[in-house]
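**Student:** Structure for this input, please:
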Amino acid sequence: MIEFADMATYVAAVETSSISQAALRLGIVKSVASRRIRNLEQAVGVTLLDRAGNRIRPTEVGAVYYAKCARILEAIESAQEFVSGHNNLLGGRLRVSASAALLGAVLAPLLAEFAHAHPSLTLDVDADDQRPDFQSGGYDVAFREGRQPDSGLLMRAFDAAPFVICASPGYLEAHGRPAHPRELETHQCLLYACDGSGSSWTLPVDGEMRTLRVRERLRSTSRVQLAYAAIAGLGLLLSPRYVVEEALADGRLLQVLDDFLPPADKMVVLYPESRRHSKKVQALIAFLGERLTT
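**Tutor:** Have a look, this model is predicted:
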């Protein structure tokens, strides 16, 4: 008889291309994950995974079997959520991806409150500034800042996040305080690598949005690292205010160009079509909607 746990482990292994990562996703040790997949292969009588090389991949028949297993598991989860809904209980695992800065400054206390309200639910949170990969990451929902590329994902926006341009007092003393965006070309700038802007900032100048080339001093996919770089005096930083709020409050960073800030960003919630009717996902979105301004 095929065990659903074996099937779930196989699906996780295909989606992560790794038995180790599958085990991590499921909260089990690698040896258990390997045994479950062997059990499944023995039950169906064929090899499902090609284990040659550093990353595993499904065999031809394994790829077809994976798609069928994924649909079966989604149906089981839907059935479990339906039953739980009659008791107003949320259970199982909710896998969340969030950018590190957004998680630390905004989401962490809200997710803790949500988890406390649903003691049968396990939250599995991944801090990652990269574009969320719902298949390999196995995420139910992801949180990012700002405009997102068209990906076919469902989306809900919350809570405008105002921007700020700032630098350390030491940097401004050494390089001068810019009074107009045209002066940016003489300054070192710290660039966020995940927004697709390249070596430029888009700011309102003379009543219209203009893309301005800037001198790149440091580039990172982490807003937190960029904040530390600004505090260390490496250059000017354009950032959502919540990332640098404490440093602004205690004077480690100072605001500049306040009259030339871009429009506030939104916190965006992303989830795949397969999670449209997930009670866990919808409960989390509703919870946030009660606490964040839309």
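**Student:** Could I get the contacting residues of the residue lying closest to Val61 once chain neighbours are set aside?
**Tutor:** The shortest distance from Val61 to any residue other than its chain neighbours is 5.5 Å, reached at Val46 (CB to CB, 6 or more residues apart in numbering). Every C-beta, even on glycine, is put in place using the N, C-alpha and C of the backbone. By CB atoms under 8 Å, 6 or more residues apart in numbering, the contact list for Val46 reads Thr59, Val61, Gly62.
**Student:** Show me the strands in the stretch 1-150 of the chain, by range?
**Tutor:** Assigned strands in the stretch 1-150 of the chain, in chain order: 49-50, 57-58, 92-98, 121-127, 141-145 (criterion: DSSP state E, counting those that start in this stretch).
**Student:** who does the first one touch, helix- and strand-wise?
**Tutor:** Contact partners of strand 49-50 among helices and strands, from 3 or more CB pairs under 8 Å, 6 or more residues apart in numbering; DSSP states H and E: helix 4-16, strand 57-58.
**Student:** what pairs with the last one, and is each one parallel or antiparallel?
**Tutor:** Just to be clear, that refers to strand 57-58. Next to strand 57-58 in the sheet, as set by DSSP bridges, lie strand 49-50 (antiparallel).
**Student:** how far is the strand it pairs with from where the chain is centred?
**Tutor:** Here strand 49-50 is found 29 Å from its chain centre; the criterion is CA atoms, centre = their mean, to the nearest Å.
**Student:** Could you report the neighbour count for the closest residue to Ala167 other than its chain neighbours?
**Tutor:** Spatial nearest neighbour of Ala167, excluding adjacent residues (CB to CB, 6+ apart): Leu236 at 4.8 Å. When counting by other CB atoms under 10 Å, one arrives at 24 neighbours for Leu236.
**Student:** picking that back up, for the residue nearest to Val61, phi and psi?
**Tutor:** phi -140, psi 160 (degrees, to the nearest 10).
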